[in-house]
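1. this is a predicted model, with the sequence first.
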Amino acid sequence: MAGKRSVEQARNRFQTELEFVQCLANPNYLNFLAQRGYLREKHFVNYLKYLLYWKEPEYAKFLKYPHCLHMLELLQYEHFRKELVNAQCAKFIDEQQLLHWQHYSRKRTRLQQALAEQQQHQQPQQQPAHGNAASK
């Protein structure tokens, strides 16, 4: 029974840390943490350092919001943590993320359209046989 409990505890810890790391992708949440002083607390900063293991491919593959890893990396820097107290900083980051996503979406759509057109042009034109072999 103890083994079952430790597996369940490990699963819960994994899920909790996964959710928390992904919350770091939200600049408004980072601003919330900064304004309440969490980003100044040594034990919290150490926890952020510990969470860097999520950058490893075996863990990163579970992330739905991989840009949270970039924010986690930035949170390792004291200057960045201090700037997050300012709501304008969080707003700027939020706007930049939105612009990035819009650009990425447009670029991806154009690439997919170009690929589809390229595949259409590369397919050999197949013409149906007119029964020449059967009439001989």
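-> Noted; the coordinates are in hand. Because the structure is a prediction, the values reported are computed rather than measured. Numbering: from 1, shown residues only.
2. in the helix or strand hosting Y29, what's buried?
-> With elements taken from DSSP states H and E, the one containing Y29 is helix 27-35. Within helix 27-35, the residues scored as buried using 16 or more other CB atoms under 10 Å are P27, Y29, L30, N31, L33, A34. Just so you know, the C-beta spots here come from the backbone N, C-alpha and C atoms, and that holds for glycine as well.
3. which pLDDT value belongs to M1?
-> Reported pLDDT at M1 in the predicted model: 63.
4. and the helices in this protein?
-> For the chain, the helices defined by DSSP state H occupy 2-23, 27-35, 42-50, 57-60, 68-74, 78-83, 87-122, 132-135.
5. for M71, grab the count of nearby residues.
-> Neighbour count for M71, taken as other CB atoms under 10 Å: 23.
6. F44 and Y50 touch, don't they?
-> No: taking CB atoms under 8 Å as the definition, F44 is not a contact partner of Y50, at 10.4 Å.
7. higher neighbour count, the two?
-> The residue with more neighbours, out of F44 and Y50, is F44; 15 against 10, by other CB under 10 Å.
8. if anything else comes up later, I'll come back, but that's it for now.
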